[in-house]
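Student: have a look at this fold, sequence not included:
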């Protein structure tokens, strides 16, 4: 199977309404476009990234998931399973190559269980207007005590396939960002990921590689996991991007941008769908991530796109 490459996009959204005082600059995974492929500098070659002085997650974060809209239990079980079993794996170990100015490295551990989930039944409707409402969804989940306030957490808002958001499918499949507005006095790390069922050719990893099926026979869940892996990894190595940026820059962008839509060696599952990693007892198709080849935090630090450490 031919290896596919996609580069970087930085999607910028200006927060409004209650969040007007803090415009959110967010980093997004660009949709796949076979008619407009990006430069392939990172495809099998060393690729440089820069350290800019910010912090990384020095202790394993807790992953919180807000299922916004009509997600099915079958979808949620696949997504939850991935994050319940990702901690300490050879895939997550790639992120442990990143450290900060305190010489603290990402631990390669994380925490997630279904108690860290919240189902939001379209509280702001199906036509969301922008990033301000994504932040509002997180803020309301915390304010109403559906989820705790956790400065060492990453809050994912997963929008169901019938939810629209300006830019989703056309400019990004998902993004991550910090916010000082979600909870007063704290910086909350959050991410938005849309249901790839809304635009499979742009955001569904299995369709990108040419498969009709997916590793777990669920386009919505399997495609979502791939985007979440991208945003989770970038939030781990660059949690406060644009407030106090850590790992980003040079040709790549952030760690996931360097390897976006690159899958490396593909394995064939018993159901005829390709996968890259086995997490727990389930197979998943997830993009490669930039593994640093040096412990240096000065200048252009080389890395390689890999799917296991």
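Tutor: Sure thing, it's come through. Predicted, not measured: the structure shown is a model, and the values here were computed from it.
Student: what is the burial count for the closest residue to residue 275 other than its chain neighbours?
Tutor: Using C-beta to C-beta, 6 or more residues apart in numbering and skipping the chain neighbours, the partner closest in space to residue 275 is residue 283 (3.7 Å). Every residue, glycine included, has its C-beta placed from N, CA and C. If you count neighbours by other C-beta atoms under 10 Å, residue 283 ends up with 21.
Student: for the stretch 1-150 of the chain, what spans make up the helices?
Tutor: 73-85, 131-143 (DSSP state H, counting those that start in this stretch).
Student: what does the first one rub up against?
Tutor: The one in question is helix 73-85. Contacts to helix 73-85, defined as C-beta atoms under 8 Å, 6 or more residues apart in numbering, come from residues 63, 65, 67, 110, 112-114, 117, 158, 216, 218, 220-222, 224-225, 228-229, 279-280, 282, 284.
Student: rewinding a little: ranking the helices of the stretch 1-150 of the chain by burial, who's on top?
Tutor: Burial of the helices of the stretch 1-150 of the chain is given as mean neighbour count (mean count of other C-beta atoms under 10 Å); helix 131-143 ranks first at a mean of 22.
Student: how far does that helix sit from its chain's centre?
Tutor: Distance of helix 131-143 from the chain centroid (C-alpha atoms, centre = their mean, to the nearest Å) equals 18 Å.
Student: next: stretch 153-173.
Tutor: 11 Å.
Student: state the mean pLDDT of it.
Tutor: Stretch 153-173 carries an average pLDDT of 97.
Student: repeat for stretch 209-221
Tutor: For stretch 209-221, mean pLDDT is 97.
Student: what is the end-to-end distance of it?
Tutor: 17 Å (C-alpha to C-alpha, to the nearest Å).
Student: what residues of that stretch count as buried?
Tutor: For stretch 209-221, the neighbour count (16 or more other C-beta atoms under 10 Å) marks 209, 211, 213-216, 218-221 as buried.
Student: and for stretch 94-101?
Tutor: Within stretch 94-101, the residues scored as buried using 16+ other C-beta under 10 Å are 94-100.
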